[in-house]
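>>> need a structure here:
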Amino acid sequence: MSPHLSYRNCFTDSHSQVPFNEAMCTLSGTVWSWGDGDYGKLGHGGSDGGRTPRIIDKLQSLGVVRVFCGSHFSVALTRDGQLFTW
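Numbers count the residues shown, from 1 in each chain. This is a model prediction of the structure:
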């Protein structure tokens, strides 16, 4: 991981079966995701997965402070209390 990608508040569903998805948010609020893309849970507009982290464009500049991942969904919480699910 690059040194400029300090991450925080990343949670995954510990009960998920592999394959899994992961997400992280940087200190600046940028959200990245990677892994299994079934059900659109990576937030990139499809079901394709990948091993390389990609920015979730639609969450840019929303001030995301926490990200949660489940086996069929993902959730982001913003600084001002908005909740986004996909």
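>>> phi and psi next, for the residue most central in space within the chain.
Residue closest to the average C-alpha location in the chain (C-alpha atoms, centre = their mean): residue 23, at 3.1 Å. When read as degrees, to the nearest 10, the backbone of residue 23 gives phi -150, psi 160.
>>> how close does it sit to residue 53?
9 Å (C-beta to C-beta, to the nearest Å). Where C-beta positions appear, they are placed from N, C-alpha and C, glycine not excepted.
>>> shared neighbours, these two?
Contact with both residue 23 and residue 53 is made by residues 32, 33, 34, according to C-beta atoms under 8 Å, 6 or more residues apart in numbering.
>>> just name the closest of those to residue 47, please.
Proximity of those to residue 47 (C-beta to C-beta) peaks at residue 33, which lies at 12.9 Å.
>>> give me the sheet partners of the helix or strand harbouring the closest one and which way each runs.
Following DSSP states H and E, one finds residue 33 within strand 31-35. Partner strands for strand 31-35, per DSSP bridges, with pairing direction: strand 21-26 (antiparallel), strand 50-55 (antiparallel).
>>> need the contact partners of it.
5, 19-26, 41-44, 49-56, 59, 64, 67, 69, 74, 76.
>>> what does stretch 55-67 give?
Residues outside stretch 55-67 that contact it (C-beta under 8 Å, 6+ apart): 8-11, 23-25, 29-33, 42-44, 74-80, 82, 84.
>>> what about 7 Å?
Stretch 55-67 has contacts (C-beta atoms under 7 Å, 6 or more residues apart in numbering) with 9-10, 23-25, 29-33, 43-44, 74, 76-80, 84.
>>> mind checking which of these are buried?
Applying 16 or more other C-beta atoms under 10 Å to the contacts of stretch 55-67, the neighbour count classes 23-25, 29-33, 43-44, 74, 76-78, 84 as buried.
>>> using PDB, write out the CA atom coordinates for the strand holding residue 33.
In PDB, the C-alpha atoms belonging to strand 31-35 read as follows (Å, rounded to 0.1, in the frame of the first residue of the first chain):
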ATOM      1  CA  VAL A  31     -13.400   5.100  -0.800                       C
ATOM      2  CA  TRP A  32     -11.600   2.200  -2.500                       C
ATOM      3  CA  SER A  33     -13.000  -1.300  -3.000                       C
ATOM      4  CA  TRP A  34     -11.800  -4.700  -4.300                       C
ATOM      5  CA  GLY A  35     -12.600  -8.400  -4.200                       C
END
